[in-house]
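K.L.:
below are the sequence and a predicted model for it; my questions follow.
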Amino acid sequence: QQLLARYYMERLSNNVGDIPAINLEDKSIETGFVPSLRYPNGLEFPARPSKVSLGRDEDIEDVQDMARRIKDAIDSGKVIDEDGNEVDLAGEDGFDTLTNIIQSTPESPNPQFYGALEVVMRKVLGNSLEPLDQNKLAPSALEHFETTLRDPAAWQLLKKIVKLAQQYKQKLPSYNEQQLHFPGVEVQELMVSPLVTFFDKNDIDITNAVYVNEQDVATDSVTILARQARLNNKPFTVKINVHSQQAQPAVVRILLGPKHDEHGREININDNRLNFFELDKFQVQLQPGSNNIVRESKEMNAVDDSMGAGELAQKVQQALTQQAPLQMTYDDILTGFPQRLLLPKGQRGGQIFQIMVVVSPLVESPAQQQALQQMQQSVLGQDPIVQNGILNQNVDALPLGFPLDREVDEAVLLNAPNLALQDVLIVHRGPEIAEAQKEIEVESQTQLF
């Protein structure tokens, strides 16, 4: 859902509307895709022509059967485990059970009955050939998680999966005042610095991906770079003034969402709630009185681009020859949403979006905290805090997307004193901004030394 929300805002920035739905009844897909990728053994990734017939009839029937069984489970509120027992979906773990079934994880209560809906749909939509020869097996781009988002059908697939999950969420009641409000806490002011995006020229070292002769490898005299234009944004700041009647821990959520559709019409909050993308989520310790919370974009739950293979090899070589120690930071070893893609492109004349800030009580789940602690220790030794990446997402026990993960009671949500909703303008600038930004970064690095 978060990926879809971010993608939808990018489509709006390019004057494109909603993501088209998949209709398997037609046994065809409108959107074609040519991945222009090749496997190391020389085989091309399968392409998919526009309006192509989808796979074998047996596979499509399997998808329809699995989707029907999942819908039946949602409607009845019960699933059947491997022993034939009914498992109630109304419990605290009901949504997790349902998503395990949809994605066919090892925790699925009955994978043989409910099947692997997402896996089979990737095979069907990817238009990969039947594996008749073990030496000519070429899965599609959809079947590799590293390349899946290149294919427009991936977003249609995600939309299908989110729609199934939302059928369960729609049966849950809207959050009431007791669940949404934070007694004694009020967001008094919200300020956001100018939001500016630009396309940055990025050079990628692809030397290890092309053939060079042994002499060049031995002398390390050849470096091959590929230049790519990448969306980026200027650093920005979110300032929140929160008044609290007492000292207490809290969680701050910052969400970004559209205000208008592709036709310029304002979107109702209930129709728009799944289009909000969670920029950040973090814990704070509120003090009695006024609390000024300043959050820089570089502190948000996102990561920088990963280190290139050439740079990593150079650092390893320097460490082996004791020229410099090999130091790995949290950003180097964790994955997360790219820092440069936090903001949608926006438009040259500016495009209006909305930022929502929600301050809620710290709700901790003992099981969640235990799992988080074990993960931190196994990945990072004894370090208790992770600034960026996946581990920092689990700051409390509330669901991802809260408070917009359920149908909204507008009177309760929009009048909550611990919530602020404000219009912001995202302006897209040309390459001159990118060059100016690089000069600023070089100057700041020079000052450090």
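P.N.:
Looks like it came in fine.
K.L.:
which SS state does L4 fall under?
P.N.:
Following DSSP: H, G, I helix; E, B strand; the rest coil, we place L4 in the helix state.
K.L.:
surely it and R11 touch.
P.N.:
No - between L4 and R11 no contact is recorded; they are 10.2 Å apart, counting by Cβ atoms under 8 Å. Heads up, the C-betas are built off the backbone N, CA and C, glycines and all.
K.L.:
anything in contact with each of those two?
P.N.:
Taking Cβ atoms under 8 Å, 6 or more residues apart in numbering as the contact rule, the neighbours common to L4 and R11 are I19.
K.L.:
separation between the closest residue to E266 other than its chain neighbours and P403?
P.N.:
Counting by Cβ to Cβ, 6 or more residues apart in numbering, the nearest residue to E266 once its immediate chain neighbours are dropped is H260, at 5.6 Å. From H260 over to P403 the distance is 22 Å, taken as Cβ to Cβ, to the nearest Å.
K.L.:
pLDDT weak spots in the stretch 101-250 of the chain?
P.N.:
Regions of the stretch 101-250 of the chain meeting the criterion pLDDT under 70 cover residues 216-221.
K.L.:
which one of H260 and P403 has more residues nearby?
P.N.:
Neighbours of H260 and P403, each counted by other Cβ atoms under 10 Å, are more numerous for P403; the result is 23 against 15.
K.L.:
and the pLDDT for that one?
P.N.:
At P403, the model reports a pLDDT of 94.
K.L.:
can I assume it is in contact with Y175?
P.N.:
Yes - counting by Cβ under 8 Å, P403 touches Y175, with 5.6 Å between them.
K.L.:
need the overlap of contacts for the two.
P.N.:
Shared contacts of P403 and Y175 (Cβ under 8 Å, 6+ apart): L413.
K.L.:
which stretches in the chain count as helices?
P.N.:
Across the chain, reading from the start of the chain, the helices by DSSP state H fall at 2-13, 57-76, 94-103, 111-114, 117-126, 152-169, 177-180, 214-219, 269-272, 309-320, 330-333, 366-380, 410-413, 431-448.
K.L.:
export those helices as JSON lines, with columns for mean neighbour count.
P.N.:
Supplementary listing: the helices of the chain in JSON lines, determined by neighbours: other Cβ atoms under 10 Å:
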{"stretch": "helix 2-13", "mean neighbour count": "19"}
{"stretch": "helix 57-76", "mean neighbour count": "15"}
{"stretch": "helix 94-103", "mean neighbour count": "19"}
{"stretch": "helix 111-114", "mean neighbour count": "15"}
{"stretch": "helix 117-126", "mean neighbour count": "22"}
{"stretch": "helix 152-169", "mean neighbour count": "18"}
{"stretch": "helix 177-180", "mean neighbour count": "14"}
{"stretch": "helix 214-219", "mean neighbour count": "10"}
{"stretch": "helix 269-272", "mean neighbour count": "16"}
{"stretch": "helix 309-320", "mean neighbour count": "13"}
{"stretch": "helix 330-333", "mean neighbour count": "16"}
{"stretch": "helix 366-380", "mean neighbour count": "13"}
{"stretch": "helix 410-413", "mean neighbour count": "15"}
{"stretch": "helix 431-448", "mean neighbour count": "11"}
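K.L.:
possible to save those as CSV with distance to Q351?
P.N.:
CSV is the format used below for those (distance: least, Cβ to Cβ, whole Å):
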stretch, distance to Q351
helix 2-13, 6
helix 57-76, 36
helix 94-103, 33
helix 111-114, 42
helix 117-126, 31
helix 152-169, 21
helix 177-180, 29
helix 214-219, 48
helix 269-272, 15
helix 309-320, 36
helix 330-333, 30
helix 366-380, 37
helix 410-413, 24
helix 431-448, 16
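K.L.:
ok, which of these comes nearest L286?
P.N.:
Minimum separation from L286 across these (Cβ to Cβ) falls at helix 177-180, 17.4 Å.
K.L.:
if we look at the closest one, which residues are touching it?
P.N.:
For helix 177-180, contacts defined as Cβ under 8 Å, 6+ apart pick out P403, V412, L413, A416, N418, L419.
K.L.:
now, the most widely separated pair of those residues?
P.N.:
When those are compared pair by pair using Cβ to Cβ, the two farthest from each other are V412 and N418, 11.9 Å apart.
K.L.:
chain center to stretch 73-82, what's the gap?
P.N.:
The chain centroid and the centroid of stretch 73-82 are separated by 28 Å under Cα atoms, centre = their mean, to the nearest Å.
K.L.:
I meant to write stretch 147-162 there.
P.N.:
Taking Cα atoms, centre = their mean, the mean C-alpha location of stretch 147-162 is offset from the chain mean by 13 Å.
K.L.:
stretch 129-144 now?
P.N.:
Counting by Cα atoms, centre = their mean, stretch 129-144 is centred 27 Å from the centre of its parent chain.
K.L.:
buried sites along it?
P.N.:
Using 16 or more other Cβ atoms under 10 Å as the test for burial, stretch 129-144 gives P139, S140, A141, L142, E143.
K.L.:
quick one: L89 and D405, what's the gap?
P.N.:
In terms of Cβ to Cβ, L89 sits 16 Å off from D405.
K.L.:
now V294
P.N.:
Distance, V294 to D405, using Cβ to Cβ: 27 Å.
K.L.:
these two: which is more packed in?
P.N.:
For V294 and D405, the more surrounded residue by other Cβ under 10 Å is D405, and the numbers stand at 20 against 10.
K.L.:
please name the spatially closest residue to the more buried one (chain neighbours excluded).
P.N.:
The shortest distance from D405 to any residue that is not its chain neighbour, by Cβ to Cβ, 6+ apart, is 5.1 Å, and that residue is P399.
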